[in-house]
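**Student:** Got a sequence here, can you model it:
(chains A and B)
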Amino acid sequence: MSTPSSISRRVFLKSTSSAGAGLLLSFALPPRLFAGGAEARAAAFAPNAYLSIGSDDRIKLWVTRSEMGQGVRTILPMVLAEELEADWKKIELLQAMPGGKFAKIRLRTSGSGSAVGTWKALREAGATAREMLITAAAQQWAVERGSCRAQSSQVIHIPTGRKLSYGALADAAATLPIPANVALKDPSSFRLLGHRMHRVDAPAIVQGRATYGIDVRVEGMRYAVVARCPVLGGKLKHFDTAKALKVPGVHNVVPIEKGIAGGVAVVADNSWAAMKGREVLEIEWEPGPHRDFDSEAFQATLRSALSQDGFLSRSDGDTAKVLESSSRKIEAVYEYPFQAHLPIEPMNCTAHVRSDAVDIWVPTQAPEVAQKLGAQIGSVDPEAVKVHITLLGGGFGRRLFCDYVEEAVELSKKIGAPVQVLWTRDDDTRCGFFHPASVNHLAAAYDGSGAITAWAHREAGSDLSMFGPPGNDPLRYQKDGSPWGIYDNPYNVPNMKGDYVPVSSPVPTGPWRAVEYPSTVFARECFVDELAHATGKDPLILRLELLRPYDLLKLPEETIDRERLRRVLELVADKAAWRSPPQRIPGRRWGRGIACNVYHSDSYIAQVAEVSIGPENDIRVHRIICASDCGMVLNLSGLEGQIESGILWGLTPTLHGKITFKHGQAQQTSYADYRVIDMEECPLIETYALPSNAPPGGLGEIPVPPVAPAVANAIFAATGKRIRQLPITPDKIARA
Amino acid sequence: MPTYSLVVNGKRLTVEAADDTPLLWVLRDNLGLTGTKYGCGMGICGACTIHQGANSIRSCQITIHEAAGKSFTTIEGLAANGSHPCQRAWIEEDVSQCGYCQPGMIMQAAALLKSNPHPSDADITTSMQGHVCRCGTYNRIRKAIRRAASGSTA
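**Tutor:** Prediction:
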């Protein structure tokens, strides 16, 4: 990667250009398989993005991902500007929308892939445009190309100092043949990439000018909230509009069928009137078949499912035989409850359905799905649906679903007016697509020297519903590369088996930051700690032993570099002074724990947590030190921010997060009872990114999985108590 | 519907709203000041924080009836062109991720610095407690408040 690479001619497709139109390059982005899941593995997309340089000096970049805090609207212009030699702050950003020239282009934002899926082609596009602009200038001056260089959106003739702006060269450049091989910049000469860059959207955000979905205002729009059955799978039986319609400002009370559960919409002049109307709406629900669903009972069902053989996802050697014949072995079961997303901006969507066109303004990670649903429900051609993607007040996987888009489109169609459907915090907490509950069983055998000889990991849980029903294909999970964290266990154990027992539940489930990894990695990394204790080894040393000989682990879909994992483990251990004596805090028990993970073979991470436990077993996480190798760093400040963010996301389920169901209803309603980490609990976080010239790996989800096991292992180090159920609470420590 | 008069960002305004309408929704739906965010409607997330005089309040917890005749500042009116030390510090420290909670955070921090120009870490924690950021930007918020308090703009 350190030598300039060439660009294949075929990735470019030049548009016909007319005089004055400037240079318009469209370029194919490489297909990026959605990281796991049947949906994406089945189809490889070949998305495109678009750049234009106008004769008026304007450089436009269409952003092909949704901005949800991961910084994509900052990173993409950085990548483009780096190679184009343009002033990145002056690149105008346009949000791509599905259809038209983006009809076959992936706009979906998921799998920590915003940069992974776009950066290479953006570099190539920038480099190609740069070379064509230099050629155009050299021709105009009748000088050698080699005597010209590009800088700050200009081409400069070095000997004479003459300059021409990109805009002045754009029309001429557009008539040139596209060069076959263009050199990319050597990373050592990067002036933007790898540095700390401020977010493009920051000035608007800090002045309250940034537009999220909830901020959309359309001429003549109404505001609505929807009453949904609180019981899973329940149906509308009867409703009476009289009282709701008496609330001043309420216009309509309309039953709707679409969305996560259907329901009754109250439409008003403003959000408050809609909420008040819903409060007095008389409504009767038919609770349906899941009225007795209880998450505690479901957890017991999951535990008993562990006795079944699951769908195989990893099978090296003869694990069962070695486990059976070994006299030295341990086993343990770990439990992970349901979780909710609770993004700070609740679900919302604004739609305007006319007879021949639909406009949708929505904070979404899945605009293509929104377009399709808009067409179906609005009864128009997909090309007549415009999906205007706003900023997202948090995505975290919840906004891969378009249930709230369905509601808004159906409602707008029914009332014949533009309408914003807003979910209240209560709606958002109780009616979502939850992170599924799961249990993990691990067993391992070791020999007299403490070497691990066999490893079995089984998970029982409910499938992520967006990936479709599991079906009966015995190799399904092997093909899917699932469950993540089991099939791609990085450790070198001669006999290793991983399988999955799907257990259906009525709870709608879906991706949640890091998707399948949090529960499996919690179990796996705690279990390594337990094995270290059983074999009398230091948990860091055991991990390093298990990665020997630091070779490549070849899996059907990917290759894990154990050396990269070793390096982040050693780096984090060094930065955390792993071998230093425990700290002393009067009246508290102090401990440190370590955990690591590999995210889909391209991002490597290790964390050390330092905790202390008070006399009442109160838990204080003081510091989390994190070392990562996520490939080439694009925006260092963005990387550090994502690491901090992912760690705090992971700390919520570790210490507090739990959604429970009784009588078929989610029992939590807000941040009051689904507590999230706040400033008082926020530990110090130190991030260390290993320099790398490997292609950029994913980032947004990567820091989440190691948090819970690092903290749990630290609590064990402090107290000698092993807590195997999340969240870890003072009462669990007291009882252990 | 009753009519109320109040001052927002230095302007006297008249709005027509049901008497129990939280000021949050008057700002957002009647006045188009959408920088003040809805996060929970229960006063537990802090996204809707504004100033009443020099004090921070949760705009979802005060009705238009209670707000009538009083004077408020929202994020849009905090400073011309984003020049408030907190706004500048927020950019310098790269605080924002999704950014949705940040107007509320900044309004809270600005009120803190007005009453306590040099807050200790404990003062910052006490003041910002009860403001939810799902992206987890708390450490950067703390740094930005320290930077704003120090008067450093670089």
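**Student:** Residue A:444 bridge partners, please.
**Tutor:** residue A:330, residue A:455 (DSSP bridges).
**Student:** In contact with it: list those residues for me.
**Tutor:** Residue A:444 makes contact with A:323, A:329-331, A:452, A:454-456, A:493, A:527, A:531, according to C-beta atoms under 8 Å, 6 or more residues apart in numbering or on different chains. Quick note: C-beta positions are derived from backbone N, CA and C, even for glycine.
**Student:** now these in JSON lines, with pLDDT and neighbour count?
**Tutor:** Converted to JSON lines, the contacts of residue A:444 look like this (pLDDT from 0 to 100; neighbours: other C-beta atoms under 10 Å in any protein chain shown):
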{"residue": "A:323", "pLDDT": "98", "neighbour count": "19"}
{"residue": "A:329", "pLDDT": "98", "neighbour count": "18"}
{"residue": "A:330", "pLDDT": "98", "neighbour count": "15"}
{"residue": "A:331", "pLDDT": "98", "neighbour count": "13"}
{"residue": "A:452", "pLDDT": "98", "neighbour count": "22"}
{"residue": "A:454", "pLDDT": "98", "neighbour count": "26"}
{"residue": "A:455", "pLDDT": "98", "neighbour count": "30"}
{"residue": "A:456", "pLDDT": "98", "neighbour count": "22"}
{"residue": "A:493", "pLDDT": "98", "neighbour count": "21"}
{"residue": "A:527", "pLDDT": "98", "neighbour count": "23"}
{"residue": "A:531", "pLDDT": "98", "neighbour count": "24"}
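**Student:** Same list (those residues) but as JSON lines, adding distance to residue B:79.
**Tutor:** Listed next are these as JSON lines, based on distance: C-beta to C-beta, whole Å:
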{"residue": "A:323", "distance to residue B:79": "66"}
{"residue": "A:329", "distance to residue B:79": "65"}
{"residue": "A:330", "distance to residue B:79": "61"}
{"residue": "A:331", "distance to residue B:79": "61"}
{"residue": "A:452", "distance to residue B:79": "60"}
{"residue": "A:454", "distance to residue B:79": "65"}
{"residue": "A:455", "distance to residue B:79": "59"}
{"residue": "A:456", "distance to residue B:79": "61"}
{"residue": "A:493", "distance to residue B:79": "60"}
{"residue": "A:527", "distance to residue B:79": "53"}
{"residue": "A:531", "distance to residue B:79": "57"}
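**Student:** For residue A:305, which non-adjacent residue is spatially closest?
**Tutor:** residue A:460 (4.0 Å; C-beta to C-beta, 6 or more residues apart in numbering or on different chains).
**Student:** And residue A:196, by the same measure?
**Tutor:** Closest to residue A:196 by C-beta to C-beta, 6+ apart is residue A:637, at 3.8 Å.
**Student:** hang on, residue A:655 packs against residue A:732?
**Tutor:** No: applying C-beta atoms under 8 Å, one finds residue A:655 not in contact with residue A:732, separated by 10.9 Å.
**Student:** The two - which one has more neighbours?
**Tutor:** A count of neighbours by other C-beta atoms under 10 Å in any protein chain shown puts residue A:655 above the other of residue A:655 and residue A:732, at 21 against 17.
**Student:** returning to that earlier point: what kind of secondary structure is the residue nearest to residue A:196 in?
**Tutor:** Put simply, residue A:637 is helix when judged by DSSP: H, G, I helix; E, B strand; the rest coil.
**Student:** what about it, neighbour count?
**Tutor:** Neighbour tally, residue A:637, other C-beta under 10 Å: 18.
**Student:** What segments of the stretch 601-736 of chain A are strands?
**Tutor:** Counting by DSSP state E, counting those that start in this stretch, the stretch 601-736 of chain A has these strands, from start to end: A:603-613, A:619-629, A:661-662, A:665-666, A:684-689.
**Student:** correction: chain B
**Tutor:** Using DSSP state E, the strands found in chain B span residues B:3-8, B:11-16, B:49-52, B:55-58, B:71-73.
**Student:** Likewise for the stretch 151-300 of chain A?
**Tutor:** Counting by DSSP E, counting those that start in this stretch, the strands of the stretch 151-300 of chain A are A:154-157, A:163-165, A:222-227, A:235-240, A:250-256, A:263-268, A:282-286.
**Student:** Take the ones you listed and write them to JSON lines, including mean pLDDT, distance to chain B and mean neighbour count.
**Tutor:** What follows is the strands of the stretch 151-300 of chain A, written out as JSON lines (pLDDT from 0 to 100; distance: least, C-beta to the nearest C-beta, whole Å; neighbours: other C-beta atoms under 10 Å in any protein chain shown):
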{"stretch": "strand A:154-157", "mean pLDDT": "97", "distance to chain B": "28", "mean neighbour count": "21"}
{"stretch": "strand A:163-165", "mean pLDDT": "96", "distance to chain B": "28", "mean neighbour count": "16"}
{"stretch": "strand A:222-227", "mean pLDDT": "98", "distance to chain B": "7", "mean neighbour count": "27"}
{"stretch": "strand A:235-240", "mean pLDDT": "96", "distance to chain B": "22", "mean neighbour count": "13"}
{"stretch": "strand A:250-256", "mean pLDDT": "97", "distance to chain B": "11", "mean neighbour count": "21"}
{"stretch": "strand A:263-268", "mean pLDDT": "98", "distance to chain B": "10", "mean neighbour count": "26"}
{"stretch": "strand A:282-286", "mean pLDDT": "97", "distance to chain B": "20", "mean neighbour count": "14"}
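**Student:** nearest residue to the residue in chain B that chain A sits nearest to other than its sequence neighbours?
**Tutor:** As assessed by C-beta to the nearest C-beta, chain A sits closest to residue B:35 within chain B, at 1.9 Å. Nearest residue to residue B:35 in three dimensions, chain neighbours excluded: residue A:208, at 1.9 Å (C-beta to C-beta, 6+ apart).
**Student:** again with residue A:221
**Tutor:** The spatial neighbour of residue A:221 that comes closest, neighbours along the chain excluded (C-beta to C-beta, 6+ apart), is residue A:418 at 4.1 Å.
**Student:** which ones are touching the one you found?
**Tutor:** A:218-222, A:350-352, A:359, A:412.
**Student:** Check what pLDDT residue A:379 gets.
**Tutor:** With respect to pLDDT, residue A:379 scores 97.
**Student:** related to what we said a few turns ago, chain B: which of the strands of the stretch 601-736 of chain A is closest?
**Tutor:** Nearest of the strands of the stretch 601-736 of chain A to chain B, taken as C-beta to the nearest C-beta: strand A:684-689 at 6.0 Å.
**Student:** quick one: the closest one to chain centroid distance?
**Tutor:** 20 Å (C-alpha atoms, centre = their mean, to the nearest Å).
**Student:** which strands and helices sit next to that strand?
**Tutor:** Secondary structure elements in contact with strand A:684-689, counted by 3 or more C-beta pairs under 8 Å, 6 or more residues apart in numbering or on different chains; DSSP states H and E, are helix A:562-575, strand A:619-629, helix A:636-655.
**Student:** got the buried residues for that strand?
**Tutor:** Within strand A:684-689, the residues scored as buried using 16 or more other C-beta atoms under 10 Å in any protein chain shown are A:685-689.
**Student:** tilt between that strand and helix A:636-655?
**Tutor:** 130 degrees (axes from the mean of the first three to the mean of the last three C-alpha atoms, to 10 degrees).
**Student:** What mean pLDDT does strand A:684-689 get?
**Tutor:** 98.
**Student:** what's next to it, contact-wise?
**Tutor:** Contacting residues not belonging to strand A:684-689 are listed as A:571-572, A:575, A:622-630, A:633, A:636, A:639-640, A:643-644, A:647-648, B:139 [C-beta under 8 Å, 6+ apart].
**Student:** For the residue nearest to residue A:196, give me its contacts.
**Tutor:** So residue A:637 contacts A:196-198, B:94 (C-beta under 8 Å, 6+ apart).
**Student:** Residue A:244: which of those is nearest?
**Tutor:** residue B:94 (45.6 Å; C-beta to C-beta).
**Student:** doesn't residue B:75 make contact with the residue of chain B closest to chain A?
**Tutor:** Yes: between residue B:35 and residue B:75 there is a contact under C-beta under 8 Å: 4.0 Å.
**Student:** Give the residues shared as contacts by these two.
**Tutor:** Joint contacts of residue B:35 and residue B:75 (C-beta under 8 Å, 6+ apart) are A:207-208, B:103.
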